[in-house]
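J.: Okay, sequence plus prediction incoming.
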Amino acid sequence: MSKPLKNNYLVRGAWGVMALLMACGGKPPSESPVPAPTRPLPTAGIAGQPVSLLPLTLMVAEDSLHWTSQLGERRAALTKSDSILGALLKARAPEVSWVLPEDVRRAAHRAPGVVADPDQMATAVLRVESITQVPDPLRSQLRTLAAVAGSGGRFVVVPAALIYRRPVARPEGRTIYATPGAVGSAELSIVLVDVRTGQVGWRTVARGEGDDPWTALVRAVKSLTPGLP
């Protein structure tokens, strides 16, 4: 084989490898992925309607944060998170007729055997980004719960998971968070479900940072309603 022909094959091979990497979305190993921006809560589409805000069932924190003592007992921490989320959404999105987690829970307990316990539902599965259709039996459970707790409302907002992590550094050394010296970040996976169709109509991960879990969560929830202080 002549050298020009051999070099031609080498060039083609190099371009083929580059094309394959681009097609597969390959990135240099040192590059850290930048999280997608938080999508605002679509209040215009649910304004004036009863919308049930379900209780949070999944909360975890990286061990390196050492926030175990600040979070306290799991059930108490979940209840406090529900309270923060409900209070902020009610204050910052008053155009929606929110049915808060404690009211959802109370309505479910009044109909045992008919409505599933919202604290025991498999809502955490909805944190998976690829899920666009709520699977059964969760779909039917949400529909029944909305009918009982939300006076037949069509939509429910589900906080699927709350994860506390160390702030993520960009390749150039800066973090993705705005607060200097933040100890940790809250990542709140949250979705809006149409219980009649079972479709996930909106989802996002709300992020906030702080030197304690509750400050981080407050800032994460506030990011769902941008434009307000």
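T.: Happy to help now that I have it.
J.: Domain map for this protein?
T.: Per the record, the chain has its domains at 1-31, 32-222, by automatic domain parsing.
J.: Let me know which of these is tucked in deepest.
T.: For these, the largest average neighbour count (mean count of other Cβ atoms under 10 Å) is found in domain 32-222, namely a mean of 17. Placement of C-beta: from N, CA and C, glycine included.
J.: what distance separates that domain from the centre of its chain?
T.: What separates the centre of domain 32-222 from the centre of its chain is 6 Å, taken as Cα atoms, centre = their mean, to the nearest Å.
J.: now the helices for this structure?
T.: Listed in chain order, the helices found in the chain under DSSP state H are 3-23, 43-46, 68-71, 74-92, 101-109, 138-149, 213-222.
J.: can you put those helices in a markdown table and add mean pLDDT and distance to Leu56?
T.: Supplementary listing: these in a markdown table, determined by pLDDT from 0 to 100; distance: least, Cβ to Cβ, whole Å:
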| stretch | mean pLDDT | distance to Leu56 |
| --- | --- | --- |
| helix 3-23 | 46 | 39 |
| helix 43-46 | 96 | 19 |
| helix 68-71 | 94 | 12 |
| helix 74-92 | 98 | 5 |
| helix 101-109 | 96 | 8 |
| helix 138-149 | 96 | 15 |
| helix 213-222 | 98 | 10 |
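J.: can you list those helices in JSON lines and add distance to Thr57?
T.: Written out in JSON lines, the entries for those read as follows (distance: least, Cβ to Cβ, whole Å):
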{"stretch": "helix 3-23", "distance to Thr57": "38"}
{"stretch": "helix 43-46", "distance to Thr57": "22"}
{"stretch": "helix 68-71", "distance to Thr57": "15"}
{"stretch": "helix 74-92", "distance to Thr57": "7"}
{"stretch": "helix 101-109", "distance to Thr57": "11"}
{"stretch": "helix 138-149", "distance to Thr57": "12"}
{"stretch": "helix 213-222", "distance to Thr57": "15"}
